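K.L.:
Next one to model:
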Amino acid sequence: MADFNYLEQVATRIKRNRQQLADVEDELATINFRIHEIPLKISTESTFAKMIGEQYNDATSELENAKQKLTAERESLTSKIKEDIATFITEFTSPELVIPLEPNPKIADGNTTFKYKNGAIFSSILEILSELLGLSAPILVKDVMLSASEIVIKVTDDYEAKQKFLSSINEVQKTLSIKKNY
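P.N.:
So this is what the prediction gives:
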């Protein structure tokens with residue numbers, strides 16, 4: 001059974017791994033720059049070190065080792081992110097998906113609003129879902145607005161709101177299913 005709490009964990013992990021990946025990429029860029037710089041400066045640096053009676057420390061091997069470690073970490077993080085995105089899509093498109101909504105919506109100002117149970121907020125799910133769908137948050141699908149804290153449907157009839165909600169979730173699932181196949 002796929003549920004939003006698990007999806008929130010997966011989405012949070014995707015975000016965290018992406019941030020780590022960005023940090024690794026920055027560090028790798030710095031090391032690559034330093035490796036590229038060494039041959040340009042080695043003559044001056046080694047001559048200067050010799051002239052002042054110091055041993056010249058060639059950092060090339062240390063930098064190459066650091067580069068290898070960071071490259072391996074980048075590959076690992078990239079793989080984890082791809083796996084988690086695939087899991088996210090698989091779970092979200094599951095016919096067993098459980099969205100923990102309060103059963104009794106609030107009807108006001110021409111809208112029907114469903115809150116998540118226990119006041120839950122699913123900001124990571126919404127962020128990853130927005131990205132996968134190519135939409136900005138909150139996500140609007142067929143008069144249904146999906147946000148991190150609630151779902152708002154532009155009708156005042158409870159039954160019609162449920163129909164529109166099911167239709168919009170079905171549309172999102174179809175779109176994600178297409179992405180899963182690519």
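K.L.:
In terms of secondary structure, what does the single longest helix found in the chain contact?
P.N.:
Criterion DSSP state H: the longest helix present in the chain is helix 4-51. Helices and strands touching helix 4-51, by 3 or more CB pairs under 8 Å, 6 or more residues apart in numbering; DSSP states H and E, are helix 60-92, helix 123-133. C-beta coordinates here come from the backbone N, C-alpha and C atoms, glycine included.
K.L.:
Asp3 pairs with what?
P.N.:
Per DSSP bridges, the residues bridged to Asp3 are Val98.
K.L.:
count of neighbours near Ala161?
P.N.:
Using other CB atoms under 10 Å, Ala161 has 23 other residues around it.
K.L.:
name the element it belongs to?
P.N.:
Counting by DSSP states H and E, the element that carries Ala161 is helix 158-180.
K.L.:
which residues are contacting that helix?
P.N.:
86, 89-90, 92-93, 97, 99, 105, 107, 112, 114, 129, 132-133, 139, 141-144, 146, 151, 153-155 (CB atoms under 8 Å, 6 or more residues apart in numbering).
K.L.:
And the residues you listed, which of them are buried?
P.N.:
Neighbour-count burial (16 or more other CB atoms under 10 Å) is assigned, among the contacts of helix 158-180, to 89, 92-93, 99, 105, 112, 114, 129, 132-133, 139, 141, 143-144, 146, 151, 153, 155.
K.L.:
What separation do you get for the spatially closest residue to Ala49 that is not a sequence neighbour and Pro39?
P.N.:
In space, and not counting its chain neighbours, Ala49 is closest to Tyr56: 3.9 Å by CB to CB, 6 or more residues apart in numbering. For Tyr56, the distance to Pro39 (CB to CB, to the nearest Å) stands at 14 Å.
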